[in-house]
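Visitor: Predicted model, plus sequence, below.
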Amino acid sequence: MSTKTGPSVAAVEADLVNYLNIILMVISVAIAAYLPFETFLIAYAVLGPLHYLTEISWLHDRGYFTTGSRDWIWLIGATLITALGFFIPSAALAALTTFSIAFTFIISAGMVFTRSIRGRTLFALGGAVAGGLTLAWGPFLALFAILLPTLIHVYIFTGIFILYGALKGRSFSGVLSLLIFIAAPIVCLYGIDTPSSYEPSPYMLNASSPFEGLRALMIPLFGFSEDRSGVLAFMRLMGFAYSYHYLNWLSKTRIINWHRVSRTRITAIGVLYVASVALYAVNYQLGFIVLLTLSLGHVLLEFPLNFKTIASLVSAGVSSVTKKA
């Protein structure tokens, strides 16, 4: 006699997380439709610091997913160098910042894929070329200095994680969550309109000013003009992308176990988190400036994980094709 076994506990839990994330996506889109500026700015100030602190803690306990025990020192150094260009108004430091982001992105691949000095030297040379191109070619500047730390980080890399989970789990819920994730920004940009009665307050307009460069870059690419409808469409996208990026991380707490740390560390995270939100409450731009290094740090420190996930995604795809053949 043959016995049928049901889905494993892990599979059931994965399904529950996928359906929870679908709900979170829908909620993020719905709220961003009615309160685009508020959705983005509140998520950035309230959920953002919690995400930075807990993810950096989680990455640290896993060696930042690099092959070298001291690679994280380079990543921290790159973060500090990158932040200088934002803190100090200087053309030279601004150039160093853009160079540093591109260079760090490329050498992070070397930290994942090779241990040899020769291999890492080649990646360093590639990083130097990429960094140099940011100084000489506008598209590279936009890619690494503006898009990579913002929309690429919160949407593209989040999508890669979702795609990997869907391919690995091969469940209906995983595929459905991926499809909704792909559809969500399209809906934000072209499928819904913010009520005509909505007007962002002067406070909201001022608080969002650090993202004006990204807005000026993206609005024409989406086919909008720099008018009310274009600005609101962009902010709907930002509201969804950022709020869901943070909620996605929090929703997977029991899967990735970022909360399993010492009492001392969780207390430190809690104190720093409360202080961070308080800074934003006192003065939004002050909070943005003070926490910029932490924000940039979690982006740069995640680069090796991004490459490792991409490699795992390719491997899973090749394995799936091979099995079908």
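Guide: Thanks, I have it.
Visitor: gap between Arg228 and Ser196?
Guide: 9 Å (C-beta to C-beta, to the nearest Å). Using the backbone N, CA and C atoms, a C-beta is placed for each residue, glycine as well.
Visitor: And Thr97, by the same measure?
Guide: 40 Å.
Visitor: More neighbours: the two, which one.
Guide: Counted by other C-beta atoms under 10 Å, Thr97 and Ser196 do not tie: Thr97 has more neighbours, with 23 against 7.
Visitor: Quick check: neighbours shared by Arg228 and Ser196?
Guide: Here Arg228 and Ser196 have no joint contacts, going by C-beta atoms under 8 Å, 6 or more residues apart in numbering.
Visitor: show me where pLDDT drops low in the stretch 1-150 of the chain?
Guide: Along the stretch 1-150 of the chain, the parts satisfying pLDDT under 70 run over 1-7.
Visitor: run the last query once more with 50
Guide: Low-confidence regions of the stretch 1-150 of the chain, defined here as pLDDT under 50, cover residues 1-2.
Visitor: ranges for the helices of it?
Guide: Under the criterion DSSP state H, counting those that start in this stretch, the stretch 1-150 of the chain contains helices at 9-34, 36-42, 48-61, 71-87, 91-113, 117-136, 138-141.
Visitor: Show me what the last one is packed up against.
Guide: Translated: helix 138-141. Under the contact definition 3 or more C-beta pairs under 8 Å, 6 or more residues apart in numbering; DSSP states H and E, helix 138-141 sits against helix 117-136.
Visitor: In the helix it packs on, which residues are buried?
Guide: 120, 123, 126-127, 130-131, 133-134 (16 or more other C-beta atoms under 10 Å).
Visitor: before we move on, back to that, for the helices of the stretch 1-150 of the chain, could you give me JSON lines that also reports distance to Arg254?
Guide: What follows is the helices of the stretch 1-150 of the chain, written out as JSON lines (distance: least, C-beta to C-beta, whole Å):
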{"stretch": "helix 9-34", "distance to Arg254": "7"}
{"stretch": "helix 36-42", "distance to Arg254": "25"}
{"stretch": "helix 48-61", "distance to Arg254": "13"}
{"stretch": "helix 71-87", "distance to Arg254": "26"}
{"stretch": "helix 91-113", "distance to Arg254": "26"}
{"stretch": "helix 117-136", "distance to Arg254": "35"}
{"stretch": "helix 138-141", "distance to Arg254": "40"}
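Visitor: Highest mean neighbour count out of those?
Guide: Most buried of the helices of the stretch 1-150 of the chain by mean neighbour count (mean count of other C-beta atoms under 10 Å) is helix 36-42; its value is a mean of 23.
Visitor: Please list the outside residues in contact with it.
Guide: In contact with helix 36-42 (C-beta under 8 Å, 6+ apart) are residues 28, 31-32, 194, 198, 200, 204-205, 207-208, 232, 235-236, 238-240, 242-243, 284.
Visitor: Tell me which of these fall in strands.
Guide: Of the positions in the contacts of helix 36-42, not one sits in strands, assigned by DSSP state E.
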